[in-house]
Every structure is written in C-alpha cells, then in structure tokens.
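Participant: With the input below, show me the fold.
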Amino acid sequence: MGNSPPTMAASAILDKAVSAETVVVFSKEYCPFCTRAKSALKPIFPGMKIIELDQGNVTYDGQTASGSSVQDAIKSKYGHRTVPAVFIKGKLIGGCDDTLAGISNGSIKQMLA
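Facilitator: As a prediction, the model looks like this:
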C-alpha cells in the first residue's frame with residue numbers, strides 16, 4: 001500500500017462498488033484474515049462481490065486502478081487501512097474480527113434482512 005493519495009479511478013471504484021453491491025469485500029488472496037471473513041460470509045450471502053487488491057489492477061464499472069490505490073482510497077475515505085474491508089449496504093463493517101462478531105451476534109443477518 002502506498003502513501004500517495006488515491007487516484008480518481010480508485011475512488012470511483014470504491015464509491016461505485018460500495019453503493020452498488022449489497023455486500024462487497026476488499027481482500028487480498030494471501031491474507032488469512034480475508035479468507036476467514038469471506039468463508040464466514042459465504043453461507044450468509046453467497047452473492048457477495050469480492051475485489052482482490054493483490055492481483056494487479058482492479059476493474060469495476062468501467063474504471064481501472066491499481067489494487068494499492070483502491071486500498072489507499074479505503075484508508076483515505078473510511079480510515080480503514082487493513083484488509084479485509086467489508087461493506088454491507090454501503091456501511092463499513094470493518095475487518096475480519098468485526099465481521100465475525102457481526103455474524104456471531106446476528107447484526108449482519110439483520111442488516112441483510
């Protein structure tokens with residue numbers, strides 16, 4: 001992840017994905033916390049959108065940006081600097097621990113109802 005401001009394309013990808021998708025997970029394939037969060041969400045919402053930030057460029061809704069720039073956009077807009085970054089109905093849930101807690105206490109199911 002860089003220390004530069006996110007590109008306009010990265011900010012557009014973030015804004016579009018968060019507003020258009022019911023559940024979106026910004027992830028990195030090698031991250032064990034991302035794997036846990038995705039595995040826990042899959043039975044609840046199998047249609048979630050997963051955007052892998054460690055696979056080069058990210059393309060969404062006609063915009064293309066580097067994964068690191070999209071991660072910079074998440075940090076800049078939401079103050080969340082790690083992955084996973086889980087959003088449900090436009091709201092940042094947080095990372096793995098927050099997602100698992102939300103599943104355990106039922107708050108994520110309520111958000112999806």
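Participant: okay, and for this protein, where does confidence drop off?
Facilitator: Counting by pLDDT under 70, the chain contains low-confidence residues at 1-4.
Participant: all strands for this protein, in order.
Facilitator: Secondary structure of the chain by DSSP state E: the strands cover 23-27, 49-52, 57-60, 63-66, 85-88, 91-94.
Participant: who's in contact with the fourth one?
Facilitator: Which is strand 63-66. 6, 7, 9, 10, 12, 13, 16, 56, 57, 58, 73 (CB atoms under 8 Å, 6 or more residues apart in numbering). Where C-beta positions appear, they are placed from N, C-alpha and C, glycine not excepted.
Participant: burial count for the closest residue to the last one other than its chain neighbours?
Facilitator: If I follow you right, that is residue 73. Spatial nearest neighbour of residue 73, chain neighbours left out: residue 6 (3.6 Å); criterion: CB to CB, 6 or more residues apart in numbering. When neighbours are defined as other CB atoms under 10 Å, residue 6 has 23 of them.
Participant: how far away is residue 6 from residue 65?
Facilitator: Computed as CB to CB, to the nearest Å, the residue 6 to residue 65 distance reads 8 Å.
Participant: Give the residues shared as contacts by these two.
Facilitator: By the contact definition CB under 8 Å, 6+ apart, residue 6 and residue 65 are jointly contacted by residue 73.
Participant: Quick check: the residue nearest to residue 73 touching residue 70?
Facilitator: Yes - in this structure residue 6 lies within contact range of residue 70 using CB atoms under 8 Å: 7.2 Å.
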